[in-house]
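Participant: coords below, sequence missing:
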């Protein structure tokens with residue numbers, strides 16, 4: 001008999017559908033106790049669509065002794081307040097990214113959770129997925145030799161030109177255009193690649209960043225007094241000495257490649273937001289002819305690396321092929337076993353700090369020394 005962990009969603013917006021669509025991937029290990037959103041109509045529509053119970057208010061969620069984990073899916077500006085209330089009520093917290101909009105708030109959440117003997121984890125958790133685990137195993141095994149440099153791209157193109165205002169969830173909730181623009185693509189998305197990098201190469205120590213708002217008018221959903229950068233490029237140095245160049249934008253064309261350059265070639269995948277993205281080993285051209293074939297015809301000689309695991313993943317049709325629940329599942333397993341989640345508070349704080357430093361060189365300086373650290377992230381049991 002599988003012992004289930006009970007969770008409650010706070011926030012029934014666009015991202016809540018992405019989470020609930022992944023619920024079945026946990027083989028019944030997690031059950032949704034109920035949902036709450038301050039928008040009553042949206043809350044009831046979500047609950048009805050998925051056959052879930054609703055709470056009349058936030059306090060009712062926090063007072064429910066059956067809720068083990070509060071899954072904070074509110075807008076970023078509410079993350080800190082909601083997570084803190086949940087921790088004060090004795091609940092473990094899994095928060096959507098970012099952990100908080102200010103470093104001091106993120107630090108306070110993690111420190112308070114430690115004092116209370118609780119866990120707080122922040123998305124994204126794609127580092128626990130099949131594509132990332134396959135790539136990281138290849139790096140650990142030095143499949144292409146010693147790693148030297150990483151290029152990680154998180155460019156999403158001109159989203160305001162491809163109908164972002166029409167993106168809706170299965171429960172008819174629009175994608176929060178204004179909030180996304182105001183929060184910033186770097187703070188929203190750099191964690192996807194930073195978490196992989198920290199898991200592979202240890203904590204980030206130095207961030208050299210440039211960021212700018214390139215397009216000030218993105219139509220009717222442009223935030224008031226819009227100043228958040230829509231482009232950033234950073235060089236991040238890690239404990240191991242590895243340097244990664246990370247780009248984030250909603251200006252350059254869609255590009256989610258992740259490449260680790262090594263002595264004998266490189267390891268690559270084309271879509272970091274796809275748990276089933278194939279991972280390849282690409283050798284260095286060892287003859288002049290191969291070099292010419294690569295330059296003129298695009299020949300690479302790349303070979304598929306055997307996936308660490310294959311499985312059928314349930315995910316929302318309107319999103320990328322991501323298992324949004326995998327981080328919640330890892331957290332639930334840790335709580336049951338009395339251990340720490342792979343992406344626990346210190347790790348989540350570290351990713352938040354580095355993301356903030358990349359997006360805001362105006363606040364943190366163009367050459368920033370990272371304050372926090374992060375514990376080692378153990379490979380998934382099936383990928384060791």
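Facilitator: Sure thing, it's come through. These figures come from a predicted structure and were not determined experimentally. Numbering: from 1, shown residues only.
Participant: residue 90 belongs to a helix, doesn't it?
Facilitator: No. Counting by DSSP: H, G, I helix; E, B strand; the rest coil, residue 90 falls outside a helix, being coil.
Participant: wouldn't it be in contact with residue 118 here?
Facilitator: Yes. At 7.1 Å, residue 90 counts as touching residue 118 under the criterion of Cβ atoms under 8 Å. (Glycine included, C-beta is placed from N, CA and C.)
Participant: show me where pLDDT drops low in the stretch 151-300 of the chain?
Facilitator: For the stretch 151-300 of the chain, the stretches with pLDDT under 70 are 286-300.
Participant: where do the helices sit along it?
Facilitator: Per DSSP state H, counting those that start in this stretch, the stretch 151-300 of the chain carries helices over the ranges 177-183, 185-201, 288-297.
Participant: which one of these lies nearest to residue 226?
Facilitator: helix 177-183 (6.8 Å; Cβ to Cβ).
Participant: contacts for the closest one?
Facilitator: With contact meaning Cβ atoms under 8 Å, 6 or more residues apart in numbering, helix 177-183 is reached by 75-77, 98, 101, 160, 164-165, 188, 218, 221-223, 226, 228, 230.
Participant: contact partners for residue 151?
Facilitator: Residue 151 neighbours (Cβ under 8 Å, 6+ apart): 244, 245, 257, 258, 259, 261.
Participant: any chance of CSV for those, columns distance to residue 34 and neighbour count?
Facilitator: Shown next, in CSV, are these (distance: Cβ to Cβ, whole Å; neighbours: other Cβ atoms under 10 Å):
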residue, distance to residue 34, neighbour count
244, 41, 23
245, 44, 15
257, 40, 15
258, 37, 25
259, 43, 20
261, 48, 18
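Participant: restricted to strands, list those.
Facilitator: Those of the contacts of residue 151 mapping onto strands are 244, 245, 258, 259, 261, per DSSP state E.
Participant: am I right that the first one is in contact with residue 149?
Facilitator: Yes. Counting by Cβ under 8 Å, a contact exists between residue 244 and residue 149, whose distance comes to 7.4 Å.
Participant: and residue 111, how many neighbours?
Facilitator: Per other Cβ atoms under 10 Å, the neighbour tally for residue 111 reads 12.
Participant: er, residue 273 I mean
Facilitator: For residue 273, using other Cβ under 10 Å, the count is 18.
Participant: give me the nearest residue to it, chain neighbours excluded.
Facilitator: residue 320 (4.0 Å; Cβ to Cβ, 6 or more residues apart in numbering).
Participant: so what's the one you found up against?
Facilitator: Neighbouring residues of residue 320 by Cβ under 8 Å, 6+ apart: 271, 273, 274.
Participant: let's see that with 10 Å instead.
Facilitator: 18, 126, 256, 271, 272, 273, 274, 275, 277 (Cβ atoms under 10 Å, 6 or more residues apart in numbering).
Participant: is residue 151 in a bridge, and if so with what?
Facilitator: Counting by DSSP bridges, residue 151 forms beta bridges with residue 245, residue 259.
Participant: between residue 90 and residue 118, tell me which one has more neighbours.
Facilitator: residue 118 (19 against 12).
Participant: quick one: the strands in the stretch 251-384 of the chain, in order.
Facilitator: Using DSSP state E, counting those that start in this stretch, the strands of the stretch 251-384 of the chain run over 258-262, 265-269, 279-283, 303-304, 367-369.
Participant: residue 130 and residue 244, how far apart?
Facilitator: 21 Å (Cβ to Cβ, to the nearest Å).
Participant: same question, residue 258
Facilitator: Distance from residue 258 to residue 244, by Cβ to Cβ: 10 Å.
Participant: common neighbours of the two, please.
Facilitator: Joint contacts of residue 258 and residue 244 (Cβ under 10 Å, 6+ apart) are 150, 151, 152, 193, 196, 197.
Participant: residues contacting the closest residue to the last one other than its chain neighbours?
Facilitator: Okay, so that is residue 197. Among residues not flanking residue 197 along the chain, residue 244 sits closest, at 5.3 Å (Cβ to Cβ, 6+ apart). Listed by Cβ under 10 Å, 6+ apart, the contact set of residue 244 reads 149-152, 193-194, 196-197, 200-201, 204, 234-238, 258-260.
Participant: these two touch, right, residue 207 and residue 350?
Facilitator: No. At 11.6 Å, residue 207 does not count as touching residue 350 under the criterion of Cβ atoms under 10 Å.
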